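S.K.: Generate coordinates for the sequence data below:
(chains A, B and C)
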Amino acid sequence: MSDKLRKFFSEGTTDEITKKLLGKLLVYNSPQGLMSGYITEAEAYLGAKDSAAHAYQGKRTPSNEALYGYPGTVYIYSIHSRLCLDIATQAKDTPEGILIRGIEPYQGIKWMERNRSKHGYNLTNGPGKLMQALGIEDKKMNLLEFGETDLDIKLDDGKIPEKIESSGRIGVSDRGKWTEKPYRFYVAGNPYVSKMAKRDMNLETYGWK
DNA sequence: TACAAGATGCGCT
DNA sequence: GCGCATCTTGTAC
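M.R.: Next up, the predicted model:
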């Protein structure tokens, strides 16, 4: 529906889009109230050829169907009894996507603290954590598009990372060549990034320009 | 602060 | 049944 988002999520390669996504504002108009946060960490998954991806070798099941949708489709899946949030990239039927792994809370922090019974950077420095903070407990928004459900991404309203770092993707092991590929991107020094060591945090700027 | 291990539930075979 | 794009807690340094 949103041509702008569809264009953003289909222009360039998925790893390039992932880097551009850092600093953009993720908005959730929840039943509790408005919540939002700047994206600090995300991973690219490159579809059929990527041995670490859910759609490796064209695998297609009801649960990963969203990856095959239009660019900007919401992909919610469960793992280890948690939920994670993905965005489908590239043209329809090209099953690439981006996993959102961390956000820096901006609006609705009080609700997030209540939802997770935690505070500080433990609130949203991981994919399952940020879903719990937002209060998303089911897959009702799966297969919908960002901008036409209560989830949205604001492309015009964001921060610029001072420096983007990369690493291998978290939680994947023994997936051949693709296991170690540097498709995890994060804002250097931002505390709302999973496994960020305290001494590497920049608590002055949070890593933004 | 770094690492190890258990919890936990659902989708796929 | 099994495996998993995770999280939390406990222990040792």
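S.K.: which SS state does the closest residue to DNA strand C within chain A fall under?
M.R.: Here the residue of chain A nearest DNA strand C is A:Gly171; by CB to the nearest atom of the strand that distance is 1.9 Å. C-beta coordinates here come from the backbone N, C-alpha and C atoms, glycine included. Using DSSP: H, G, I helix; E, B strand; the rest coil, the structure places A:Gly171 in coil.
S.K.: Do stretch A:161-179 and DNA strand B come into contact?
M.R.: No: shown here: stretch A:161-179 not in contact with DNA strand B (CB under 7 Å from any atom of the strand), separated by at least 10.5 Å.
S.K.: Just the mean pLDDT for that stretch, thanks.
M.R.: The pLDDT scores in stretch A:161-179 average 93.
S.K.: just stretch A:201-209 next, same as before
M.R.: 96.
S.K.: go on, stretch A:79-87?
M.R.: 97.
S.K.: how about that stretch against DNA strand B, any contact?
M.R.: Yes: applying CB under 7 Å from any atom of the strand, one finds that stretch A:79-87 is in contact with DNA strand B at A:Ile79, A:His80, A:Ser81.
S.K.: Most neighbours out of the residues you listed, which is it?
M.R.: A:Ile79 (11 neighbours; other CB atoms under 10 Å).
S.K.: ok, that one to A:His54 distance?
M.R.: Separation of A:Ile79 from A:His54 (CB to CB, to the nearest Å) stands at 10 Å.
S.K.: repeat for A:Leu155
M.R.: Distance, A:Leu155 to A:His54, by CB to CB: 26 Å.
S.K.: Tell me which of the two has more neighbours.
M.R.: Remark: of A:Leu155 and A:His54, A:His54 carries more neighbours, 21 against 15, as counted by other CB under 10 Å.
S.K.: quick one: the more buried one and A:Met201, what's the gap?
M.R.: Distance from A:His54 to A:Met201, by CB to CB: 31 Å.
S.K.: residue nearest the centroid of chain A?
M.R.: A:Ile100 (1.1 Å; CA atoms, centre = their mean).
S.K.: In terms of helix, strand or coil, where does it fall?
M.R.: Per three-state DSSP, A:Ile100 ends up strand.
S.K.: May I have the beta-bridge partners of the nearest residue to it once chain neighbours are set aside?
M.R.: The shortest distance from A:Ile100 to any non-neighbouring residue, by CB to CB, 6 or more residues apart in numbering, is to A:Leu85 (5.0 Å). For A:Leu85, the beta-bridge partners under DSSP bridges are A:Ile76.
S.K.: List the contacts of A:Leu85.
M.R.: A:Leu85 is in contact with A:Val74, A:Tyr75, A:Ile76, A:Leu99, A:Ile100, A:Pro127, A:Leu130, A:Met131, A:Ile136, A:Leu151, counting by CB atoms under 8 Å, 6 or more residues apart in numbering.
S.K.: what's the closest of those residues to A:Thr13?
M.R.: Nearest to A:Thr13 among these: A:Leu99, at 15.9 Å, using CB to CB.
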